[in-house]
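*Asks:* my questions concern the predicted model and sequence given below.
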Amino acid sequence: MPPTTLEDQLAFLREIDRLKTVVRQSPLLDNSRKENSAEHSWHLAMYAMILNEYASGAVDTNRVMRMLLLHDIVEIDVGDFPIHGGSSAALQAEEEARAAQRLFGLLPEPQRSEFLRLWQEFEDAQTEDAKFAKALDRFQPLLTNICTGGGTWTESGVSAEQVFARYGPVIKRGAPRLWQECEQWVSRHFQRRANSGGDESGRH
């Protein structure tokens, strides 16, 4: 007897529980531990709900939130690819696409196709919704690094120039007003670092 719609849906929900075990590089703001990818996705959905007025164009906040809740589910299979890790973008895209097919494939139609489309839209980052979602996905870890006195930038020896290059275009494209604030935060952070001889214990 084939599984019922409910059985398929519950199988997917059980599988994505594993996202709670995927540890990211970014710390919690209290620096007590690293965040996991499920926490990251939830927090980004909250960012979308609170900060939607800063999107570069008109966005459907509910769609943005759904994208952000779905965007990292593929990490169940492939793990987290840190922005400063130097991994191959092509290899990452291939592995994540394969993971998306498997994981969303656990769902019945039409949810399977709908979630895959949303995930791919986020990856392509061409619509206003996806551009804003991508911007928030860069903005949140940037803000975390500022608030924790350096965070992953310190751990990875990242320069101000690298921060501007890796975060700037994506945030500016989807949320230019947020990027204006980011530029000031980043400049102040690295100026403090230079003034203190590399000690980044100061907080924003």
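*Replies:* In hand now; what should we look at? Predicted model, so just to flag it, every value in this text is computed and none were measured. Numbers count the residues shown, from 1 in each chain.

*Asks:* all helices of this protein, in order?
*Replies:* If DSSP state H is used as the criterion, the helices of the chain fall at 5-15, 37-51, 61-70, 75-78, 89-104, 111-124, 128-147, 151-156, 160-174, 176-195.

*Asks:* which strand runs longest in this structure?
*Replies:* The longest strand of the chain (DSSP state E) is strand 23-27.

*Asks:* that one: which residues count as buried?
*Replies:* For strand 23-27, a neighbour-count test (16 or more other Cβ atoms under 10 Å) marks Arg24, Gln25, Ser26, Pro27 as buried. C-betas here are computed from N, CA, C, even on glycine.

*Asks:* contacts for it next, please.
*Replies:* 33-37, 40, 80, 82, 84-85, 141, 144-145, 148, 151-152, 155 (Cβ atoms under 8 Å, 6 or more residues apart in numbering).

*Asks:* same thing but 6 Å
*Replies:* Outside of strand 23-27, the residues within contact range by Cβ atoms under 6 Å, 6 or more residues apart in numbering are Lys34, Glu35, Asn36, Ser37, His40, Asp80, Pro82, Pro141, Thr144, Thr148, Gly151, Thr152.

*Asks:* figure out how far it is from the centre of its chain.
*Replies:* 11 Å (Cα atoms, centre = their mean, to the nearest Å).

*Asks:* got it, and stretch 148-160?
*Replies:* Per Cα atoms, centre = their mean, the centroid offset for stretch 148-160 relative to its chain is 17 Å.

*Asks:* list the buried residues of that stretch.
*Replies:* Neighbour-count burial for stretch 148-160 [16+ other Cβ under 10 Å]: Thr148, Gly149, Gly150, Gly151, Thr152, Trp153, Thr154, Val158.

*Asks:* pLDDT at Ala48, what is it?
*Replies:* On the pLDDT scale, Ala48 is placed at 98.

*Asks:* list the contacts for it?
*Replies:* Per Cβ under 6 Å, 6+ apart, neighbours of Ala48: Thr61, Val64, Met65, Leu68, Leu136.

*Asks:* repeat that for 10 Å
*Replies:* Applying Cβ atoms under 10 Å, 6 or more residues apart in numbering to Ala48 gives the contacts 55, 59, 61-69, 129, 132-133, 135-136.

*Asks:* which of those residues are buried?
*Replies:* Counted by 16+ other Cβ under 10 Å, the contacts of Ala48 give 55, 59, 61, 63-69, 129, 132-133, 135-136 as buried.
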